[in-house]
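*Asks:* okay, predicted coordinates and the sequence, questions at the end:
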Amino acid sequence: MIQRVQTVYLFLAILCLGATCTGMEFLRFTQASESFSFSVFGIQAIHGSSTEVYKSIPIYLSIIGICLFLFMTLMSYKNIGRQLQWARRLTFLYFVLIISAIVFYYAGGTLFFDGSYEKELGLGYALLVVGFPFCFLAQLGIKKDKKLLDSLNRLR
């Protein structure tokens with residue numbers, strides 16, 4: 001199992017997504033003396049030095065779910081067809097998660113502020129985006145293994 005390259009890629013994707021569950025900030029919308037921070041636990045309003053929960057959105061549940069799905073895909077190495085199906089679905093789910101983060105980045109500030117505001121990306125967003133190529137490369141590795149096994153079965 002460990003000698004396959006997709007194992008490393010899936011494990012790296014799990015690490016990237018798991019690190020975002022520590023509460024790293026995805027986005028921050030800032031205007032004058034107040035700002036709103038978006039992390040896996042929800043949206044926090046920051047007024048000067050005080051912080052309060054503006055809206056609790058449990059995004060960590062979806063990220064933990066995707067991490068578990070990554071792990072299940074990693075552990076289904078004995079059934080290569082199922083592993084390939086799960087890897088494709090996983091890549092699609094991960095892509096939807098990234099697209100929703102991008103949409104919130106461009107449209108989210110208008111929910112909090114009427115005038116002009118600044119948008120900032122956090123380390124959590126970078127880790128979210130960095131994990132996607134690992135997921136895609138794992139899918140390509142699984143596909144390559146399936147092609148190799150099918151060619152070997154044809155020779156029997």
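*Replies:* Done, it's in.

*Asks:* what about the strands in this protein?
*Replies:* Using DSSP state E, the strands of the chain run over 25-31, 34-39, 42-47, 50-55, 118-121.

*Asks:* which residues touch the residue nearest the centre of the chain?
*Replies:* In the chain, the residue lying closest to the centroid (C-alpha atoms, centre = their mean) is L128, at 4.3 Å. Contacts here follow C-beta atoms under 8 Å, 6 or more residues apart in numbering; on that basis L128 touches C16, L17, T20, F26, L97, I98, A101. The C-beta positions use only the backbone N, C-alpha and C, and glycine is treated the same way.

*Asks:* distance to L68, mean pLDDT and mean neighbour count for the strands of the chain - can I get that in a markdown table?
*Replies:* Shown next, in a markdown table, are the strands of the chain (distance: least, C-beta to C-beta, whole Å; pLDDT from 0 to 100; neighbours: other C-beta atoms under 10 Å):
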| stretch | distance to L68 | mean pLDDT | mean neighbour count |
| --- | --- | --- | --- |
| strand 25-31 | 20 | 87 | 19 |
| strand 34-39 | 20 | 85 | 20 |
| strand 42-47 | 21 | 84 | 16 |
| strand 50-55 | 25 | 79 | 11 |
| strand 118-121 | 26 | 88 | 12 |
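
*Asks:* so what pairs up with the residue nearest to S35 when sequence neighbours are not counted in the strands?
*Replies:* Among residues not flanking S35 along the chain, I46 sits closest, at 4.8 Å (C-beta to C-beta, 6 or more residues apart in numbering). Beta bridges link I46 to S35, T51 when assigned by DSSP bridges.

*Asks:* check what pLDDT R156 gets.
*Replies:* The model reports R156 with a pLDDT of 66.
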